[in-house]
Every structure is written in C-alpha cells, then in structure tokens.
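A.B. asks: predicted model, plus sequence, below.
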Amino acid sequence: MTDFRKAGPGDRDAILHLVNRVFSGEQGIPKELHPVPEHMHPQWWCALREGQIVGTAALFVEDEVWHMGRIAVAPELRRQGIAAGLLEFALRDTFSQNVPRVFLEAQDTTIHIMRKFGARTLGEPQLFYGSAVTLVVLEQEDFFRSTGEACGTGRRNPSETCHKDAGTH
C-alpha cells in the first residue's frame, strides 16, 4: 500500500536522494538543478511504501507563477499508480490553498496523468538535457471538475464550480 503526505523538514535528504537518482542517474540533469531554492517557497509531497519515500513532487513560485516539478518515482516501482496518486494528492492540497493554476514542464508519462486531471499542453515539446518536455497548465477549476469535487471541499458534487479568481465556491 502507498501512503501520501506533505513532506516535512526531516524528509529532505531522502527526497533529494530520490530526485538525484532519477534526474541525474536516468536523465542526466545536473545535481545543482535538483533542489528548489528557498526563495521560491517550495512545498514538497511524498509517496511512501513501508515508511520509505518512493515518490516525490514539489510546488514552488517563480516570477509570481506557481510551478510543479521534481516529480519522481523510484524506477523499480513505476507503473503502479504511484505518480498518479501522488499528483492527485499534491494537486488537491495545492488547489485547496487557493492557487489558481499550476504550470509544469513534463515528459509524456506525466502529461498523460495530468490530462486526466484536466490539464492542457501549451506549445510543442522542447529538449531539456536530451529529453522532450512540454509546458502544461492545470487550472484549479478543471482539476476539481475532473475529480468530481466542489472546489477542494472534499464534497463530490460536479455541479458546483470554482471561481478561478477568488478560489472559492
């Protein structure tokens, strides 16, 4: 069974170890790009199996725009729904903070998951350290509509809508 939670300060080393393993080991992205600088107000979430961090995702602000990134799942545990569960958990928490939309640069696997939540791609794929990434945007309203929730309240009522500007219902 996989558990999801917001990461705490004590999770930092395990998260960075997983991020380094995936991004440097598999994708060739330099380690100095992995941490999210504190001035970007990062928030992290993690997926756990048997108490071990096996997945992670981050939210941060850059130039007054909310971004999600550093999405990683342990290679030996992929294709088990961990990324989808983690992203749903993290996005629900993100949008409950009245974040109107998030942007991310994603590879095809993550784009596929994000589209299930109502995300749309913006533009064509670009090469980033040898891998194709595409800019994706997900609006708060589209996320809650896709999950059948009313503006992050946990109620399953698709007829209620979110108001993008106010972040209320």
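C.D. replies: That came through fine.
A.B. asks: low pLDDT regions in the protein?
C.D. replies: 25, 27-28, 30-31, 33-35, 150-169 (pLDDT under 70).
A.B. asks: biggest helix in it by residues?
C.D. replies: If you go by DSSP state H, the chain has its longest helix at helix 82-96.
A.B. asks: would you mind pulling the contact partners of that helix?
C.D. replies: 2, 4-6, 43, 45-47, 54-57, 59, 66, 68, 71, 73, 102, 109-110, 113-114, 116-117, 138, 140, 143-144, 147, 149, 152 (C-beta atoms under 8 Å, 6 or more residues apart in numbering). Yep, even glycine has a C-beta here, placed from its N, CA and C like the rest.
A.B. asks: so which helix or strand takes in L104?
C.D. replies: In this structure, L104 sits in strand 101-106 according to DSSP states H and E.
A.B. asks: strand partners (parallel or antiparallel) of the longest strand belonging to the chain?
C.D. replies: Looking across the chain with DSSP state E, the single longest strand is strand 52-62. Under the criterion DSSP bridges, strand 52-62 sits next to strand 43-49 (antiparallel), strand 65-73 (antiparallel) in its sheet.
A.B. asks: so which of these is nearest P37?
C.D. replies: strand 65-73 (12.1 Å; C-beta to C-beta).
A.B. asks: what comes up buried for that closest one?
C.D. replies: For strand 65-73, burial by neighbour count (16 or more other C-beta atoms under 10 Å) applies to 66-73.
A.B. asks: ok, now stretch 49-68?
C.D. replies: 53-60, 66-68.
A.B. asks: who's in contact with that stretch?
C.D. replies: So stretch 49-68 is contacted by 1-3, 7, 11, 14-15, 18-19, 36, 40-48, 69-74, 77, 82-83, 86-87, 90-91, 94, 99-104 (C-beta under 8 Å, 6+ apart).
A.B. asks: report how many residues lie close to the residue nearest to L59 when sequence neighbours are not counted.
C.D. replies: Setting aside the residues directly before and after it, L59 is nearest to Q43 in space (C-beta to C-beta, 6 or more residues apart in numbering), at 4.7 Å. Using other C-beta atoms under 10 Å, Q43 has 18 neighbouring residues.
A.B. asks: and Q43, how far from R120?
C.D. replies: For Q43, the distance to R120 equals 23 Å [C-beta to C-beta, to the nearest Å].
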